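1. With the sequence up front, the predicted model follows.
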Amino acid sequence: MTTFKQIPIVSYVQGSTGKSVQGWNGMNDTPSSGYNQLNLNESGVKYTNNVVAGYTNDGLINQYNDFENTKGSILTQSQEASWSQASGYFLNSGTINIQTNQPGGQNPGTMYFGGVGNANPATNNGTINIQGPYGAAPAIKIQGGGVTVSTFTNNGAINNDALIYYSQATFVNAGNIWQTKDAKIFNFGEGKFYNSGSGAVHGGSVIGGTFTDDGTLAPGNSAGGMLIDGHYIKGGGTKEIELGGTNNHDFHRTDTEHDFFEVTGDMTINGGTLDLSLIDGFTLSAGDSFVIAKVDGDLSGQYDGLNEGDSVGRFKSDKGSPRDLFITYQGGDGNDIELYTKSLF
């Protein structure tokens, strides 16, 4: 029979050995000799956090058993902390706040999931908020090893202002990921990032590695750009593009007047739709053009129902009447996706 046990309701602060363990609610777990850490490893126990007011981890927690941050509860991971899922599943149904620090030091605020020999899943059904300075250590590190494939699945919401790292692991998004301009989702080894049909990735940011997208991709923050540093495979779903002007300021991800994404590898389109909108009072004029996908490698395929030269729709123009906006897969330097209006009605 499984026993459920609340993790410590007081912060466990990293420091010298021999720190008092009063407030740990009679748990059998103790700091290991020579280094302050808490091991969640009591036989037959599933650990939970049920503290609505919030539990803060300021030290090192090694998870060996199943763990759930329950609905309505708050778990905060400080800049000097570390959480390691050595075994057992990890489930967040509440809120997790991660505050990362600069790389270096023993605990930079990272939460580690998976690893060699650990195929137990980690799942977010709640909300994860990530904050950290530019260049900070990874807030979430999903890692496999050997024949082990670790999987982290987001069914809820991730608000990312730092770095999510995956290596020899699978990162599945079936919820929403909101990224600031400096945020990154990066592959440092053989790994997969999959945006499922119910998933959506929003914001101007960097995605590193091969990215398979069957959901919604919305680059920029009204408007903005996204860099996919690797290969991009669009299998279905929707690409949302906002047009607020014709100037992309040399593909600057924050200064651009219209959404775009840049792919350093190959881009393959196996379907999906293109959802366009005009913002900030912008209207189309004769001879306008917008490179919405800059592809450094090879471009192949087309969006559903949009052949070369087709109209993607009629939109408000500076003349008052609607004007057609057309698509080409041979724009830019010859293999970019470009939208354009004709010089004359």
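-> Great, that's in hand. Numbers count the residues shown, from 1 in each chain.

2. Return the residues in contact with residue 65.
-> Each residue near residue 65 by Cβ atoms under 8 Å, 6 or more residues apart in numbering is listed here: 40, 41, 42, 45, 46, 47, 87, 88. (Glycine included, C-beta is placed from N, CA and C.)

3. how many neighbours does the last one have?
-> The local packing of residue 88 (other Cβ atoms under 10 Å) involves 19 other residues.

4. Report the separation between it and residue 67.
-> 6 Å (Cβ to Cβ, to the nearest Å).

5. ditto for the fourth one
-> Per Cβ to Cβ, residue 45 is found 10 Å from residue 67.

6. These two: which is more packed in?
-> Between residue 45 and residue 67, counting by other Cβ under 10 Å, residue 67 is the more crowded of the two (23 against 20).

7. pLDDT below threshold where in the protein?
-> Across the chain, the ranges flagged by pLDDT under 70 are 1-2, 4, 7-36, 103-107, 116, 145-149, 344-345.

8. Wait, residue 150 touches residue 169, no?
-> Yes. Residue 150 lies in contact with residue 169 (Cβ atoms under 8 Å); the separation is 4.2 Å.

9. Name the residues contacting each of these two.
-> Joint contacts of residue 150 and residue 169 (Cβ under 8 Å, 6+ apart) are 113, 114, 142, 143, 144.

10. returning to what we had before: return the subset of the contacts of residue 65 lying in strands.
-> 40, 45, 46, 47 (DSSP state E).

11. Show me the beta-bridge partners of the first one.
-> Read it as residue 40. With DSSP bridges applied, residue 40 shows beta-bridge pairing to residue 63.

12. What of residue 218?
-> Here residue 218, judged by DSSP bridges, has bridge partners residue 202.

13. so it touches residue 224, yeah?
-> No. Assessed by Cβ under 8 Å, residue 218 is found out of contact with residue 224, at 9.5 Å.

14. For the buried ones among the contacts of residue 65, write the corresponding PyMOL selection.
-> Selecting the buried subset of those in PyMOL, with 16 or more other Cβ atoms under 10 Å as the burial test, is done by:
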select buried, resi 40+41+45+46+47+87+88
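
15. Would you reformat the contacts of residue 65 as TSV and include distance to residue 199?
-> Formatted as TSV, the contacts of residue 65 follow (distance: Cβ to Cβ, whole Å):
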residue	distance to residue 199
40	30
41	34
42	36
45	33
46	28
47	29
87	27
88	25
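
16. between residue 88 and residue 67, what contacts are shared?
-> Shared contacts of residue 88 and residue 67 (Cβ under 8 Å, 6+ apart): residue 40.

17. contacting residues around residue 211?
-> Taking Cβ under 8 Å, 6+ apart, we find residue 211 in contact with 193, 195, 228, 230, 231, 232, 233.

18. Pipe these into JSON lines and attach distance to residue 99 and secondary structure per row.
-> Below are those laid out as JSON lines (distance: Cβ to Cβ, whole Å; DSSP: H, G, I helix; E, B strand; the rest coil):
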{"residue": "193", "distance to residue 99": "24", "secondary structure": "strand"}
{"residue": "195", "distance to residue 99": "26", "secondary structure": "strand"}
{"residue": "228", "distance to residue 99": "27", "secondary structure": "strand"}
{"residue": "230", "distance to residue 99": "28", "secondary structure": "coil"}
{"residue": "231", "distance to residue 99": "33", "secondary structure": "coil"}
{"residue": "232", "distance to residue 99": "31", "secondary structure": "strand"}
{"residue": "233", "distance to residue 99": "34", "secondary structure": "strand"}
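
19. neighbouring contacts of stretch 291-299?
-> Taking Cβ under 8 Å, 6+ apart as the rule, stretch 291-299 contacts 231, 241, 248, 251, 258-267, 269, 329, 331-332, 335-339.

20. again, 6 Å this time
-> Contact with stretch 291-299 is made by 241, 260-267, 331-332, 335-338, as judged by Cβ atoms under 6 Å, 6 or more residues apart in numbering.
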